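Participant: With the sequence up front, the predicted model follows.
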Amino acid sequence: MTHFIELEKAYEFDVYPKRDLVLVRGIGAKVWDVDGKEYIDCVGGHGVANIGHCNEKVVAAIEEQARKLISCSMTFYNDTRARFLEKLLSITPKNLKRAFLCNSGTEAVEAAIKFARFTTKKKEFITAMRGFHGRTMGSMSATFNPEYRKDFEPTVPGFKYVPFNNFDKLKDAVTDDTAAILLEVVQGEGGIHIGGADYFMQVRRLCDEKNILLILDEVQSGCCRTGKMFACNHFDLEPDILCLAKAIAGGVPMGAVVCSEKIQPPMGKHGSTFGGNPLACAAGIAAIDFMLESKLDEQAQDKGEFFVGKLKQHKFANVREIRHLGLMIGIELKEKSQPYLVKLMEQGVLAMPAGATVLRFLPPLVITREDLDFVARKVIEVLPAAG
């Protein structure tokens, strides 16, 4: 294990807070390190592995496509890309009619920002405190936490941050130059905070009244994670632009910006060399088919209730609140979460933070109840009980 750690330290920039763990294999909701130790993975590639590691349908689709055509410039049409686009538009909100394909969540947000400015001819954006939208310049500028932005200023101008779930504060921030409101339905990095139905309905009406675009970032909450195909489905909420990535292609890099007919980006004003490549599109078709056939949305709903129900049977000394929607779960502590993440890893459970005090669990949605019960028992073991 030490050999591989030293190699990465020698040749890679030290921009990630890494744990001393070398993962080499994964199946379903389990991963193994280089020494053969097994872990239940509740990190899931930061929400990428919704359909499980090395999903057989996705592996087969990649193998088949790799023998036919891996890359295909957007200069040409492609059969696999066409089928993926049709599949994608069949599962997104019905008002969304066209998509731009890219490679990641931050690229999807960047495209959404450009499309909104071009469409409205306005420059300002309103985003939420605790929101996270990516690390490239536009998406980083939309991200609230100044720690992400301060070393790279000046950031892209025109972004305002208002409290999440507070419609009055959001409305007060609107001006005649507001192009779009950009929100997560569930704030992932911000600590698993869930927007309210009334809040989102008010935001939608405001956008309609003021000719403002509503952009929803479902990079982490999409693809059945919250108990619906997309978190906005919980509220019958139709955005003008929907940003997707992470789990959409079963682990292969893929991003998508799915838009209503209001959005008409001009030819030549945006692009992506690898966006919509046949390999990723083949994986995406297989991933979406698996989600639908396996009813992963229903599984996420049921398993999330099961897991949180187990935890709520116990009283913890340092737990402030447990928040969840489906299998998007946050346990907010009264202290730093990092020591407990280390203890969980030692017990065979991989989880991650969401801010300084939240334990975040994003297991593959194919995880068994038996494994979820194991994770719950380990959480109960490592967190101190109430006296």
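Facilitator: Thanks, I have it. Numbers count the residues shown, from 1 in each chain.
Participant: C-alpha from now on. contacts and neighbour counts both.
Facilitator: Will do.
Participant: Quick one: residues contacting residue 212.
Facilitator: Counting by CA atoms under 8 Å, 6 or more residues apart in numbering, residue 212 makes contact with 120, 178-181, 206.
Participant: Just the ones of those in helices?
Facilitator: 120, 206 (DSSP state H).
Participant: for the contacts of residue 212, which one is nearest residue 28?
Facilitator: Residue 28 lies nearest to residue 181 out of the contacts of residue 212, by CA to CA, at 36.5 Å.
Participant: With distance to residue 81 and pLDDT added, can I get the contacts of residue 212 in JSON lines?
Facilitator: Listed next are these as JSON lines, based on distance: CA to CA, whole Å; pLDDT from 0 to 100:
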{"residue": "120", "distance to residue 81": "29", "pLDDT": "97"}
{"residue": "178", "distance to residue 81": "34", "pLDDT": "98"}
{"residue": "179", "distance to residue 81": "30", "pLDDT": "98"}
{"residue": "180", "distance to residue 81": "29", "pLDDT": "98"}
{"residue": "181", "distance to residue 81": "30", "pLDDT": "98"}
{"residue": "206", "distance to residue 81": "35", "pLDDT": "98"}
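Participant: between the contacts of residue 212, which is nearest residue 386?
Facilitator: Closest to residue 386, out of all of the contacts of residue 212 and judged by CA to CA, is residue 181, at 41.7 Å.
Participant: The residue nearest to the spatial centre of the chain in helix, strand or coil?
Facilitator: In the chain, the centroid-proximal residue (CA atoms, centre = their mean) is residue 220; its distance is 1.2 Å. Classification of residue 220 using DSSP: H, G, I helix; E, B strand; the rest coil returns coil.
Participant: and the contacts of residue 212, which are buried?
Facilitator: 120, 178-181, 206 (16 or more other CA atoms under 10 Å).
Participant: about what we covered before: who are the contact partners of the residue nearest to the centre of the chain?
Facilitator: Contacts of residue 220 by CA under 8 Å, 6+ apart are 46-48, 188, 244-247.
Participant: which among those residues gets closest to residue 325?
Facilitator: Distances from residue 325 to these, taken by CA to CA, are shortest for residue 188, at 10.9 Å.
Participant: picking up where we left off before, present the buried ones among the contacts of residue 212 as CSV; the columns should include distance to residue 258.
Facilitator: Putting these into CSV (distance: CA to CA, whole Å) gives the following:
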residue, distance to residue 258
120, 17
178, 21
179, 17
180, 15
181, 16
206, 21
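Participant: Which members of the contacts of residue 212 are the farthest-apart pair?
Facilitator: Between any two of the contacts of residue 212 (CA to CA), the greatest distance is 15.3 Å, for 120 and 206.
Participant: What residues sit buried inside stretch 86-93?
Facilitator: 87-89, 92-93.
Participant: Quick one: find the helix or strand in the protein with the lowest mean pLDDT.
Facilitator: helix 2-11 (a mean of 91; mean pLDDT, DSSP states H and E).
Participant: Would you list the strands that the next helix or strand after that one pairs with, along with their directions?
Facilitator: Next helix or strand after helix 2-11 toward the C-terminus (DSSP states H and E): strand 23-27. With DSSP bridges as the test, strand 23-27 is paired with strand 30-33 (antiparallel).
Participant: ok, and what's touching the strand it pairs with?
Facilitator: By CA under 8 Å, 6+ apart, strand 30-33 touches 21-26, 38-41, 53.
Participant: for it, the distance to its chain's centre please.
Facilitator: Distance, stretch centre to chain centre, for strand 30-33: 22 Å (CA atoms, centre = their mean, to the nearest Å).
Participant: What are the buried residues along that strand?
Facilitator: For strand 30-33, using 16+ other CA under 10 Å, the buried residues are 30-32.
Participant: name the helices or strands packed onto the following helix or strand past it?
Facilitator: Counting by DSSP H and E, the next helix or strand C-terminal to strand 30-33 is strand 38-41. Identification of packing neighbours for strand 38-41 by 3 or more CA pairs under 8 Å, 6 or more residues apart in numbering; DSSP states H and E yields strand 30-33, strand 349-350.
Participant: about what we covered before: hmm, which of the contacts of strand 30-33 are the buried ones?
Facilitator: 22-23, 26, 38-41, 53.
Participant: Now do residue 1, the pLDDT please.
Facilitator: We have a pLDDT of 65 for residue 1.
Participant: May I ask you to confirm that residue 371 is in contact with residue 40?
Facilitator: Yes: Residue 371 is within contact range of residue 40, at 7.2 Å (criterion: CA atoms under 8 Å).
Participant: what kind of secondary structure is residue 285 in?
Facilitator: Classified using three-state DSSP, residue 285 is helix.
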